[in-house]
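K.L.:
Using only what follows, build the 3D model:
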Amino acid sequence: MKRVLNRAEKKGIAWEDVKELSVSEAERLLFPERKRRGDFVEPNYEYVHEELAKPKVTLALLYEEYCEQCKSEGRMFYCYSQFCNKYRDYAKREKATMRIAHKPGDVLEVDWAGDVLAVHDEDSDSVRKAYLFVACLPYSQLVYAEAFLDMKSENWITANVHALEYIDGVPEGIVPDNLKTGVVRHTKNEIVIASAYQDLAEYYGTVILPARVRAPKDKASVERSVGLCETWVSAKLRNQKFLSLEELNRSIRILVDELNERPFQKKKGSRRSVFETEESTHLRPLPAIPYEVPVWKTIKVQPDYLVEAAGTKYSVPYEYIGETVRVRIRRATIEVFYSDLLIASHTRQDVRKEPVYNPEHMPPKHRMTLIYTEDSCREWAADAGGSIAAVASGIFDETGPVQQKVKLCRSLMQLADKFSLARLESACTTALNTGSRPSIDLIETLLRKGREEAVPTTTAPEPPVTAKKTAGLTRGTAYYTRGVK
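P.N.:
Here you go, the predicted structure:
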């Protein structure tokens, strides 16, 4: 009331001027700038519908733009709730796909179906259960389904990969249920995704958005798709006998394709046509290299800071000795995780007896041993001296582990550091002249006792040559001819 009196005083309007007027006429006289209800600007709902198909565009953003336009024109606009209700009425009237809850390429909802299929084994005359995996794009309602012999982590990851390959693209997010193979923990304040599932999300550049606990509406589309698949797939195949999982999945694929091509009852097109015309272009392209499902292994780090994977041992930082780690085995790499922290990565090797070490994983004292190899030891010995090289060659020519031979050669190097190369060369020469295979212990003994000087090699002395003695009774001719004339 005060506002009306202030406006009347400002405009110089007295009571006598308005007492005969109606309320609406008095309002126009006092507040000519106000617009009547009939002056509200109707939004362009077709434009709103088209813009909502674009990534990151929301009704709240479009409403704000609508308000700014009306303000710039000095015209009245609807409140946000009326704006949304009028758009819903338009979508329902035009039988257009609602874009309030779901956008094209937004998420892919995934789940296991409740019904179980059967695979017969004629050799053992047994029946194995097959579990149906179902995925759905909420916007187009495109469905994918595939059967697996169990619901373990490896098959769960494989199923997600195949679903992405089927839609030939990557959505912004993947919405699973809170199954143990995909979600470790889901509380109000924390979501922990299983390592294998998180690895898949990172590879494809998407995000895992698990549905709230006991909130099936968070993935209502896949829940409906599960029901459809149970009717149009499981029920249709109930009387057929499949002798292999591959045969079962071929039949499932035919029925799924038929379901996606089936026309909608209340709107134009089919799941496939809506996907191809409105949604496929909003998916990000798949990576050039197909995703490889890794094998995970939990193992305890041994005192030699090694873990075994695929028949070969690999090193981890020595600080993790005694800790339990998880090893991710791929075609080309071996990766080790401790509490989801990557602590080691190796190029995968063929099965071998010798472990694969990373020098950075070793304690400082152990790290020095990797510097020495057979080639480096032979090269050092050749430069050190002929006798040292001969001893080193003898060491490496023997049978046995290379590491043990390198260790013996390292002992030679340590003797050279302690006693000098010249003395070691002399000791090796002396040891070689003994006629037996020289040992490191013998060479060290010669050096410690100062007996490394080589003994010159000589031949046995020949007996002295002496004049041949004549017989004692032999007399010369002079003796017998004396006095003879």
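K.L.:
Any regions of this protein where pLDDT drops low?
P.N.:
For the chain, applying pLDDT under 70 flags the ranges 1, 22-24, 27-28, 31-39, 54-56, 94-101, 123, 213-222, 365-371, 454-485.
K.L.:
in it, which residue is closest to the centre?
P.N.:
A centroid search over the chain (C-alpha atoms, centre = their mean) returns D199, at 4.3 Å, as the residue closest to the centre.
K.L.:
which of the residues in the helix or strand containing S426 are buried?
P.N.:
Using DSSP states H and E, S426 sits within helix 421-432. For helix 421-432, burial by neighbour count (16 or more other C-beta atoms under 10 Å) applies to R423, L424, E425, S426, A427, C428, T429, T430, A431, L432. The C-beta positions use only the backbone N, C-alpha and C, and glycine is treated the same way.
K.L.:
can you list contacts of it?
P.N.:
Applying C-beta atoms under 8 Å, 6 or more residues apart in numbering, the contact partners of helix 421-432 are 384-388, 390-391, 412, 415-416, 419, 438-439, 442-443, 446-447, 451-455.
K.L.:
how far does that helix sit from the chain's center?
P.N.:
56 Å (C-alpha atoms, centre = their mean, to the nearest Å).
K.L.:
Same question for stretch 69-80.
P.N.:
On C-alpha atoms, centre = their mean, the centre of stretch 69-80 falls 51 Å from the chain's centre.
K.L.:
again, but for stretch 143-151
P.N.:
Worked out by C-alpha atoms, centre = their mean, stretch 143-151 lies 23 Å from the chain centre.
K.L.:
swap in stretch 243-263?
P.N.:
31 Å.
K.L.:
With stretch 52-61 instead?
P.N.:
The answer for stretch 52-61 is 33 Å, by C-alpha atoms, centre = their mean.
K.L.:
Count residues in the vicinity of the closest residue to K300 other than its chain neighbours, would you?
P.N.:
Nearest residue to K300 in three dimensions, chain neighbours excluded: T324, at 5.2 Å (C-beta to C-beta, 6 or more residues apart in numbering). By other C-beta atoms under 10 Å, the residues close to T324 number 11.
K.L.:
Would you state the helices of the stretch 301-450 of the chain in chain order?
P.N.:
364-367, 374-384, 386-397, 402-419, 421-432, 440-448 (DSSP state H, counting those that start in this stretch).
K.L.:
which element follows the helix or strand the residue nearest to the centre of the chain falls within toward the C-terminus?
P.N.:
Remark: D199 resides in helix 195-204, with elements defined by DSSP H and E. Moving toward the C-terminus from helix 195-204, the next helix or strand (DSSP H and E) is strand 207-208.
K.L.:
strands paired with that next one, and their directions?
P.N.:
strand 173-175 (parallel) (DSSP bridges).
K.L.:
And the contacts of the helix or strand just after the partner strand?
P.N.:
Sequence order places strand 183-186 as the next helix or strand after strand 173-175, per DSSP H and E. Applying C-beta under 8 Å, 6+ apart, the contact partners of strand 183-186 are P176, N178, I191, V192, I193, A194, Y197, I208, P210, R212, V213.
K.L.:
Now do the buried residues in whichever helix or strand comes after strand 183-186.
P.N.:
If you walk from strand 183-186 toward the C-terminus, the next helix or strand you reach (DSSP H and E) is strand 191-193. Neighbour counts over strand 191-193 (16+ other C-beta under 10 Å) mark I193 as buried.
K.L.:
Does the residue nearest to K300 touch I299 like I think?
P.N.:
Yes - counting by C-beta atoms under 8 Å, T324 touches I299, with 7.3 Å between them.
K.L.:
sorry, back to before: narrow the contacts of strand 183-186 to those that are buried.
P.N.:
By 16+ other C-beta under 10 Å, those give P176, N178, I193, A194, Y197, I208, P210 as buried.
K.L.:
For the fifth one, give me its contacts.
P.N.:
Spelled out, it's Y197. Per C-beta under 8 Å, 6+ apart, neighbours of Y197: S153, W156, I157, N160, P176, T181, G182, V183, I208.
K.L.:
how much space between it and F133?
P.N.:
14 Å (C-beta to C-beta, to the nearest Å).
K.L.:
can you list residues touching both of the two?
P.N.:
W156.
K.L.:
Can you say which helix or strand has K92 in it?
P.N.:
Going by DSSP H and E, K92 is part of helix 80-94.
K.L.:
For that helix, name the packing helices and strands.
P.N.:
Using 3 or more C-beta pairs under 8 Å, 6 or more residues apart in numbering; DSSP states H and E, the elements in contact with helix 80-94 are helix 45-52, helix 59-73.
K.L.:
Distance from it to the middle of the chain?
P.N.:
With C-alpha atoms, centre = their mean, you get 44 Å for helix 80-94.
K.L.:
Parallel or antiparallel, which strands does the helix or strand that that helix is followed by pair with?
P.N.:
Using DSSP H and E, the helix or strand that follows helix 80-94 in sequence is strand 107-121. Sheet pairing here is set by DSSP bridges, and for strand 107-121 it gives strand 126-136 (antiparallel), strand 173-175 (parallel).
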